[in-house]
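K.L.:
With the input below, show me the fold.
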Amino acid sequence: MFDMKKVLFFIFAFLIFFVPLVLWPYTSEVFEFNKIVLTYALTALIVGAWTIRSINERKFIFRRTILDIPLLVFIASQIISTILSIDPQTSFFGYYSRFNGGLLSTLCYSLLYWAFVSNFELKETLKLIKVWLAIGAIISLIGFGEHFKFFAVCVPIQYSQVYGVNADPAVVKQYNSSSASNQFNYLFRTSCWVQDVQSRVFATIGQPNWLAAWIVALLPLTWLGIIESKFEIKNRKLWLFFGLSTLFTWTLIFTKSRSGLLGFAVAVAIFGTLTAWKEIKNVKKLITPVSIIGISFLIIGLISGTQFTPSISQLIHHQSISVPTPTDGPALETGGTESGAIRAIVWKGAMQVWLHYPIFGTGVETFAYSYPMFRPAEHNLVSEWDFIYNKAHNEYLNFAANTGTFGLLSYLVFVGFSIYIFFKTKNYALLAGFVSLLVSNFFGFSVVPTQIELFLFPAIAVALTINNEQSTINKHSKASFLQKILFTLVLIAISYFLIIVYQYWQADVLYNHGKAENSVSKPDLAVKYLNNAINLEPSQATYHSEIANSYTSLALAAYQQKNATEAGQLVNFAVNESQKAIALSPANPNYKRAEFGVFINLSSISPNFLILAKNTLIDAVKTSPTDAKLYYNLGLVYARTGDIKNALATLQKTIQLKANYRDARLAYAILLINEKQNTEAKAQLEYILNNIGPNDPLTKQTLESIR
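P.N.:
Sure thing, here's the model as predicted:
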């Protein structure tokens with residue numbers, strides 16, 4: 001029989017090493033989706049190996065900890081919130097495109113905690129910490145390279161464009177005809193990302209703030225290594241941990257993450273204060289390493305600069321601190337409106353959700369569905385007014401809105417008991433890293449790599465206090481018949497779960513391929529991929545919504561070719577698939593928007609679809625009462641159906657919600673002109689020219705027509 005403890009060690013090492021590293025460009029979401037899928041698969045293997053070990057040793061291997069009850073209460077809050085959710089499927093799996101945070105992911109992280117504390121002691125835990133630092137170094141080097149235009153992560157992606165199954169012929173031709181140096185530059189020095197990753201690095205984590213949060217949590221472990229080296233120059237441990245600390249810190253600076261730097265400052269304060277208190281009787285032993293850490297950060301900051309301070313070069317040349325451009329990251333971080341102003345609005349909406357669903361919230365990970373109901377009208381005036389917000393961009397308000405007071409309090413109790421564990425075990429490095437995550441999450445949200453840290457850091461603190469224990473059964477004893485049956489059942493269960501996880505992943509690959517075919521106007525190919533995706537995962541509403549677009553395009557093509565029978569069948573397919581998406585996720589306003597698009601496109605086949613489009617928008621604005629774009633589209637539909645009175649009233653409402661909405665004011669003015677109300681129309685057009693677009697040609701042309 002295999003030593004299942006060693007098997008568990010290798011699976012955990014694999015999880016710690018590869019989850020932050022993994023990504024795949026052919027899924028609908030490159031980073032988080034693949035990380036959560038790998039976490040699901042490895043959790044199944046870990047729980048299976050843990051079960052087999054228990055069967056082999058003829059006892060349930062479980063180590064009680066002080067965190068057990070708080071964790072069970074937290075899980076209970078998530079289960080209740082999922083049962084009462086406005087969208088149970090989203091609550092179970094997580095919001096599609098975010099994935100982390102659903103009930104299933106929480107169950108996995110909790111099982112990982114219990115599996116870790118139940119199976120590992122001091123020796124194995126120290127080795128796993130080294131694995132964590134090793135992958136931290138690799139990812140930091142990848143990020144370091146990105147800053148200096150060496151895009152290592154892009155190599156396999158761009159290699160597949162030349163040698164892959166779906167290689168782009170144009171790329172292959174250009175690549176083969178270029179010189180060796182140009183081929184090298186294409187593979188290694190050409191970015192494959194839309195974002196300016198050189199300005200704000202994210203390596204394999206997926207976003208600068210996520211990388212910053214993840215790397216800051218590991219930094220205190222390097223500081224502890226420096227202190228434990230006793231500052232002995234010949235001690236390799238000193239230089240190893242000093243090098244890691246420098247590399248991690250430099251990577252943090254290259255992320256230009258304000259929340260990451262704040263988390264770093266809090267980690268330094270906690271680690272420095274508590275370590276100093278611990279070593280109060282031996283100040284000399286402490287001063288040198290702590291000074292080295294502080295001086296190294298100062299030197300790095302002076303060389304590279306930070307979000308808040310200039311570099312030496314900038315000081316010498318009197319340059320201002322560079323501000324990331326809008327392409328450097330997500331809208332909330334880098335858009336035209338300052339991110340703090342947007343956060344304040346989103347937080348205000350989240351508070352309203354909480355006040356209206358105070359006990360259990362609207363359901364785990366349903367913020368994208370609940371926020372539109374209470375979205376402040378001032379959100380229409382920021383640069384990201386038409387973006388979908390699927391997170392509150394504050395972990396605590398996210399819990400409050402999604403899982404109510406019970407969920408938020410249970411989460412805070414879990415956090416509080418985790419902190420107690422760090423104090424009890426006097427592990428101030430893990431405490432500093434853990435609290436840095438809490439700080440970063442105040443201005444953002446957790447992702448798979450950081451959530452693994454949040455749940456496993458307390459487990460590590462517990463395991464480090466336990467000396468290695470021996471199994472109570474003779475490893476060479478022969479398994480009984482009952483044990484063999486139980487082993488077989490466990491292996492079958494693991495295999496079944498892995499197959500389900502693989503199908504979940506494969507369905508997304510097919511969905512992404514179908515979506516890509518739709519984007520290049522190949523709906524016939526898209527239908528094939530999307531049908532295969534639906535066969536694997538029939539309950540995914542987003543698949544049905546996407547294939548509805550495919551059928552709509554095919555119906556329009558058949559109609560243009562005078563094939564009425566085929567067009568009619570395809571119209572029915574499009575409508576049915578759109579309705580399936582809404583039926584599967586009725587609280588999701590995005591599918592109503594998508595259905596509106598289907599009906600508008602099909603209205604060229606039959607005007608009756610304009611009525612359906614109007615009714616869809618009327619339903620949509622009931623659940624999104626401050627969405628200016630919905631009102632604008634509704635106003636246009638009223639106009640197309642000849643209901644000018646409602647069209648004018650609806651466009652007027654749109655302008656009240658979003659005063660700087662150029663398209664709405666222009667449409668309103670044109671309708672007013674048609675109704676011979678030129679004075680008011682002129683006022684609307686002049687407002688556009690004076691306050692929105694002074695050189696807007698269509699507005700000028702329209703204004704000239706009534707002068």
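K.L.:
care to break this structure down by domain?
P.N.:
Domain ranges of the chain: 4-153+192-315+408-463, 337-402, 530-705, per automatic domain parsing.
K.L.:
Switch the ones you listed over to JSON lines, and while doing so, append mean pLDDT, mean neighbour count and distance to Val490 to every line.
P.N.:
(C-beta placed from N, C-alpha, C; glycine too.) Formatted as JSON lines, the domains of the chain follow (pLDDT from 0 to 100; neighbours: other C-beta atoms under 10 Å; distance: least, C-beta to C-beta, whole Å):
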{"stretch": "domain 4-153+192-315+408-463", "mean pLDDT": "91", "mean neighbour count": "20", "distance to Val490": "5"}
{"stretch": "domain 337-402", "mean pLDDT": "95", "mean neighbour count": "21", "distance to Val490": "29"}
{"stretch": "domain 530-705", "mean pLDDT": "95", "mean neighbour count": "19", "distance to Val490": "25"}
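K.L.:
export those to a markdown table and tack on distance to Thr488?
P.N.:
Formatted as a markdown table, those follow (distance: least, C-beta to C-beta, whole Å):
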| stretch | distance to Thr488 |
| --- | --- |
| domain 4-153+192-315+408-463 | 11 |
| domain 337-402 | 35 |
| domain 530-705 | 27 |
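K.L.:
closest to Phe497 out of those?
P.N.:
Distance to Phe497, taken as C-beta to C-beta, is lowest for domain 4-153+192-315+408-463 among the domains of the chain, at 4.4 Å.
K.L.:
now do the same end-to-end measure for that closest one.
P.N.:
17 Å (C-alpha to C-alpha, to the nearest Å).
K.L.:
List of residues touching stretch 138-151?
P.N.:
Contact with stretch 138-151 is made by 20-21, 152-153, 188-193, 197-198, 201-205, 211, 215, 247-248, 250-251, 254-255, as judged by C-beta atoms under 8 Å, 6 or more residues apart in numbering.
K.L.:
Helices - which of these land there?
P.N.:
Here DSSP state H is the test, and the contacts of stretch 138-151 give Phe188, Leu211, Ile215, Leu247, Phe248, Trp250, Thr251, Phe254, Thr255 as lying in helices.
K.L.:
which among the residues you listed gets closest to Gln503?
P.N.:
The closest of the ones in helices among the contacts of stretch 138-151, once distances to Gln503 are taken by C-beta to C-beta, is Leu211, at 30.4 Å.
K.L.:
Burial check on Ser521, number of neighbours?
P.N.:
10 (other C-beta atoms under 10 Å).
K.L.:
quick one: it and Ser553 touch, right?
P.N.:
Yes: judged on C-beta atoms under 8 Å, Ser521 makes contact with Ser553 at a distance of 7.2 Å.
K.L.:
ok, now which ones touch the residue nearest to Gly263 when sequence neighbours are not counted?
P.N.:
Spatial nearest neighbour of Gly263, excluding adjacent residues (C-beta to C-beta, 6 or more residues apart in numbering): Ser436 at 3.8 Å. For Ser436, the contact set (C-beta under 8 Å, 6+ apart) comprises Ala213, Val216, Ala217, Leu219, Pro220, Gly263, Phe264, Val266, Ala267.
K.L.:
For the residues you listed, work out which two are farthest apart.
P.N.:
Ala213 and Pro220 (13.4 Å).
K.L.:
center of the protein, which residue is that?
P.N.:
The chain has Arg98 as the residue nearest its centroid, 4.3 Å off, counting by C-alpha atoms, centre = their mean.
K.L.:
All set, thanks.
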